[in-house]
Every structure is written in C-alpha cells, then in structure tokens.
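>>> Everything below, folded, please.
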Amino acid sequence: MNNPNQQNRRFGQENLTLLTDFYELTMANGFFQNGRKDQIAYFDMFFRKIPDGGGLAIMAGVAQLIEYLENLSFTEEDIVFLRSKKLFSEDFLEYLRTFRFSCDVWAVPEGTPVFPHEPIVTVRGPVVQAQFIETMVLLAINHQSLIATKANRIVRAAQGRAVMEFGSRRAQGYDGAVYGARATYIGGCDGTACTIADREFGIPAMGTMAHSWVQLFDNELEAFRVYARAYPQSCTLLVDTYSTLKSGIPNAIRVFNEELLPRGFRPKGVRIDSGDITYLSKKARKMLDDAGFPDCKITASNALDENIIRDMIQQGACVDNFGVGERMITAASDPVFGGVYKLAAVEIDGKIVPRIKVSENVSKITNPCFKKLWRLYDRESGKALADVMTLRDEVIDDTKPYVIFDPEHIWKKKTLENFRAVELQVPLFLGGKKVYDSPDIETIRKHCEEQIGTMWDEVLRFENPHRYYVDLSQPLWDEKQRLLCEYGN
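The predicted structure follows:
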C-alpha cells in the first residue's frame with residue numbers, strides 16, 4: 001500500500017450535504033414543525049436480494065459513509081437555496097444553519113460477507129437527522145457493496161489467477177470509477193488501471209499499452225522495441241493489434257531476445273485483448289515456452305466476467321492474469337444492489353417501541369426492534385453456521401447449546417453446539433462523535449479474503465447456491481408476530 005494514511009481522504013472535497021432525496025428535507029421540516037425533531041428513531045439498512053442470484057454479498061462503502069457523516073453541515077449557500085424553495089420555515093432553516101450531527105451509528109465492517117434482511121447499518125438518533133441521512137447511507141453502501149460483490153465473484157472464478165480492474169472508462173461517472181476501483185480491491189482484485197485510486201487509497205495502479213501505441217509506429221516490431229527499451233523491467237506487450245499468432249507473439253519473442261535479455265531483464269508478459277482468447281492463449285503459451293520464456297505471463301482482457309473466465313479455465317486457457325472492465329465496474333449482469341432504509345423503532349417516554357412495515361409481499365415485511373446481529377461459527381471447522389438477529393439486550397451464550405430455526409418455516413430447527421458467537425456490527429458514531437477508525441484498504445481486503453474462507457463451498461457456488469441461514473431469536477420472532485397480528489388485519 002502506497003498511501004496508508006489516505007484511506008479517508010475526501011475525494012473531490014465536495015459539499016455533499018444536499019445530496020439527498022428532497023422528501024428527506026420536507027419530512028424533516030414536517031417533523032420540526034410538529035414538535036418531533038428530537039424524537040429518537042431507529043433505522044436499519046438492509047437488502048433483500050443478492051445480486052446475480054449469488055450466495056452472499058460483500059459489505060463495502062463504510063469509510064465513505066463515515067467521511068460524509070463527519071462533514072455533514074449546511075453552508076449558507078445551502079440555506080439560501082432551500083429558502084428559495086418557499087417550503088421551509090425560518091426556524092427550520094435556522095436549525096439547519098447550526099446543525100450538528102448527534103446520532104449513534106453501527107455498521108458491519110467492510111469486507112464482511114452479508115446476507116438479505118439483516119441490518120448492515122443501524123442508526124439511532126433524533127428523527128430529523130436519522131431520516132435525513134437515508135440517501136447517503138444507501139448510496140455509499142449500495143454502490144460499493146454491489147461492485148465488491150461482483151468483483152469477488154470474478155476473483156473466485158479466476159481460481160487464484162490475478163484479476164485487475166480495467167473499467168474506469170466505462171464506469172458510471174468519475175465517482176463510480178474511483179470508488180468502484182476501491183470496491184473491486186476489497187472484493188479481491190490485485191490492482192486497478194485507475195491512477196487516482198492509487199493516489200487516494202493506495203490501490204496498486206497497473207497498465208501497459210493500448211493498441212494506439214502499436215498503430216502509431218510504422219510497424220509492430222518497432223513499437224515493441226521502443227516500449228521494451230523504455231520499460232525493460234516491466235515489459236508487457238499487447239500482441240493482438242494485427243495478428244496474435246502470425247506477428248504479435250513472434251515479434252514479442254524477437255524483442256525479448258534482442259532488447260531485454262542482453263540487458264539482463266526477463267519479459268513480464270503479453271496481453272491478448274481480442275479473438276478466441278482460449279485458443280490463442282494455448283498457442284501463445286507453446287510459442288513462448290518453446291522460445292525459452294515459460295515465465296512470461298499471459299494476460300487476457302476484453303469484456304470478461306465470472307462466467308466467461310470460468311469457461312475459459314474449464315476449456316484449458318493458458319491465462320495467468322485477467323483484466324476485467326465494464327462488466328465488473330458496472331456490475332452489468334445485475335446492476336442494482338437494492339438496499340433499503342426502514343424505521344425499526346422509536347422512543348416514547350424513554351421506552352423503545354418497535355415499528356414494523358407490513359406487506360402482502362412477504363419479503364417486504366420488515367424486522368422490527370432495536371437489534372443485534374450475530375454470526376455463529378463452528379469451533380472445529382471455523383465455518384460460519386448461521387447469522388442470528390436478536391433484540392438489542394439479548395446475549396447469545398456460546399458456552400451452551402443454542403437453537404436456531406427458520407423464521408418462515410419455524411418447524412425447521414437445529415441445535416448448535418461447540419460454536420462461537422460474534423457480534424457483527426461495530427459502532428461508528430456515538431452521540432455524533434466518531435469512535436471508529438476505518439482500517440486501511442489492505443486490512444479490509446485481507447479481512448474479506450479471510451471471511452470468504454469461513455463460508456461453505458455450497459454457499460459460494462454460482463448456480464443455485466445454498467441459502468445461508470439468517471434467523472431471528474425467539475424473543476425477536478415473538479415480537480414480530482405480535483406486531484403482525486396487531487397491524488396485519
């Protein structure tokens with residue numbers, strides 16, 4: 001990592017306070033005018049569906065959420081703009097002028113596998129504030145979790161081969177490129193083509209040449225010679241501008257022999273960006289090996305994703321590294337994470353009163369109450385057995401047997417023994433004060449890799465993965481049923 005102290009550097013230094021849905025402001029004004037601005041509310045962020053029908057998602061974006069909340073304030077320019085809308089009272093605008101964030105915020109750490117319906121962010125605080133930050137909570141977590149999840153699928157498909165992020169030019173805007181590169185690194189990529197992501201986050205910037213380099217010179221051989229002389233220590237040549245096998249590889253071998261070896265260097269690799277890469281890589285590998293360059297790596301690029309990479313490997317492609325662009329940085333196959341932010345409880349006269357959203361669509365019924373999220377690990381294998389949501393004051397005693405059950409099919413029960421219970425959420429802010437320092441990007445990436453290792457292979461498979469258990473404790477389930485009976489008529 002090049003810049004370990006730049007993890008939370010604010011890219012662009014923008015004032016993002018008004019990057020919010022307008023109804024957050026109209027609701028805030030309404031709460032204020034009706035004497036509810038100080039009422040304590042509890043909100044959960046969760047998602048309902050894993051992208052691409054996968055078995056797990058990867059939590060990401062927490063560092064940027066912290067950055068936003070640390071800098072949350074209204075400028076005079078913001079106040080003037082809101083006054084021009086002629087919807088907001090002067091006492092509300094004065095409140096915004098002296099605004100100080102005072103909520104408690106908890107979140108699952110970045111790089112952790114997460115699953116549908118569990119609270120991955122929880123906010124407690126005055127309802128005006130807790131409601132107002134909804135948009136940015138969702139924006140920060142939804143985007144990077146989506147890209148980290150896609151990247152992790154691609155990295156797992158590569159089966160230990162290096163994956164590089166090449167998608168900046170096709171990302172959804174410049175923030176999408178920068179924070180998308182960050183998310184792909186968390187998901188397991190080895191580097192990025194996005195230079196500013198290296199400066200901002202210390203993600204290794206990588207790259208060689210474009211086809212235009214080869215085209216600019218009178219012939220391919222000259223183009224290769226000039227590049228090899230300029231970068232003898234890291235020479236990777238793009239060999240498919242004209243013909244990979246007829247000219248690209250032969251010219252690369254000639255340059256390796258004539259320009260690199262005499263200077264004491266070995267070639268780093270060749271890149272193939274078009275054609276039947278599986279076939280071409282097999283032929284190129286033999287040509288390179290026969291020429292005495294078995295250590296010369298072959299990189300494949302060109303609209304790759306986890307399915308294409310998996311097929312290439314199954315078909316015997318001789319590819320050492322993959323450069324993956326638009327299909328990863330945009331999560332093109334399923335480009336919406338779908339996280340939502342829902343009220344779970346309010347405080348009335350100092351007592352926490354649960355709230356629930358009821359729907360004929362069962363998946364949209366929320367889990368009420370101020371909650372904890374636990375992960376239960378098998379002590380022998382180290383594998384994750386289940387996640388359990390409990391009431392906030394519950395403790396799972398992992399020295400005793402513990403019964404889990406399917407919240408929808410309650411007759412499906414299992415008694416766990418010899419397990420370890422770990423709380424997943426960590427506090428980010430208490431009383432509006434930051435109490436959590438985001439780890440550096442290398443630590444987050446390592447945490448992701450380690451936690452993926454705790455998942456069963458059945459959960460990790462791409463087609464029809466095993467549904468990981470996310471259960472409710474008995475007291476939480478009972479409270480949910482009580483509310484459903486009360487409001488479900």
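>>> Domain-wise, how is the protein divided?
Under automatic domain parsing, the residue ranges defining each domain of the chain are 4-147+335-487, 208-317.
>>> closest one to residue 199 among those domains?
Taking C-beta to C-beta, domain 4-147+335-487 is the member of the domains of the chain nearest to residue 199, at 7.5 Å. Using the backbone N, CA and C atoms, a C-beta is placed for each residue, glycine as well.
>>> Rounded mean pLDDT for that closest one, please.
Domain 4-147+335-487 shows an average pLDDT of 95 in the prediction.
>>> Same check on stretch 265-274?
Averaging pLDDT along stretch 265-274 yields 98.
>>> Give me the residues contacting that stretch.
Stretch 265-274 has contacts (C-beta atoms under 8 Å, 6 or more residues apart in numbering) with 208, 211, 232-240, 244, 248-249, 252, 256, 260, 280-281, 284, 288, 293, 295-302, 320-321, 323.
>>> now swap in stretch 230-244 and tell me
208-211, 213-215, 220, 224, 227-228, 248-249, 251-252, 255-256, 259-260, 263, 265, 267-275, 280, 284, 297, 299.
>>> tell me the contacts of residue 432?
Per C-beta under 8 Å, 6+ apart, neighbours of residue 432: 100-103, 125.
>>> Now the buried members of the contacts of stretch 230-244.
With burial judged by 16 or more other C-beta atoms under 10 Å, the buried subset of the contacts of stretch 230-244 is 208-209, 213-214, 220, 224, 227-228, 248-249, 251-252, 255-256, 259-260, 265, 267-273, 280, 284, 297, 299.
>>> In helices, which of those residues appear?
Among the buried ones among the contacts of stretch 230-244, the members falling in helices (DSSP state H) are 213-214, 220, 224, 227-228, 249, 251-252, 255, 280, 284.
>>> Could you identify the most distant pair in those residues?
Spatial extent of these (C-beta to C-beta) is set by the pair 228 and 280 at 21.3 Å.
>>> From the contacts of residue 432, list the buried ones, please.
Of these, these count as buried by 16+ other C-beta under 10 Å: 101, 103, 125.
>>> Now render the residues you listed as JSON lines, adding distance to residue 483.
Listed next are the buried ones among the contacts of residue 432 as JSON lines, based on distance: C-beta to C-beta, whole Å:
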{"residue": "101", "distance to residue 483": "30"}
{"residue": "103", "distance to residue 483": "24"}
{"residue": "125", "distance to residue 483": "23"}
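>>> Please flag which of these sit within strands.
residue 125 (DSSP state E).
>>> Specify which member of the buried ones among the contacts of residue 432 is nearest to residue 47.
Closest to residue 47 out of these is residue 103 (21.1 Å), distances taken as C-beta to C-beta.
>>> Double-check the closest one against residue 123; I have them as touching.
Yes - using C-beta atoms under 8 Å, residue 103 is in contact with residue 123, at 5.5 Å.
>>> Quick check: neighbours shared by these two?
Residues touching both residue 103 and residue 123 (C-beta under 8 Å, 6+ apart): 130, 133.
>>> Contacts made by the strand ranked longest in the chain with the rest, please.
Counting residues, the longest strand found in the chain (DSSP E) is strand 339-348. For strand 339-348, the external contacting residues (C-beta under 8 Å, 6+ apart) are 39-48, 119-122, 127, 134, 137-138, 141-142, 145, 352-355, 357, 366-371.
>>> hmm, 7 Å instead?
Contacts of strand 339-348 with the rest of the structure, by C-beta atoms under 7 Å, 6 or more residues apart in numbering, involve 39-47, 134, 137-138, 141-142, 352-355, 357, 366, 368-370.
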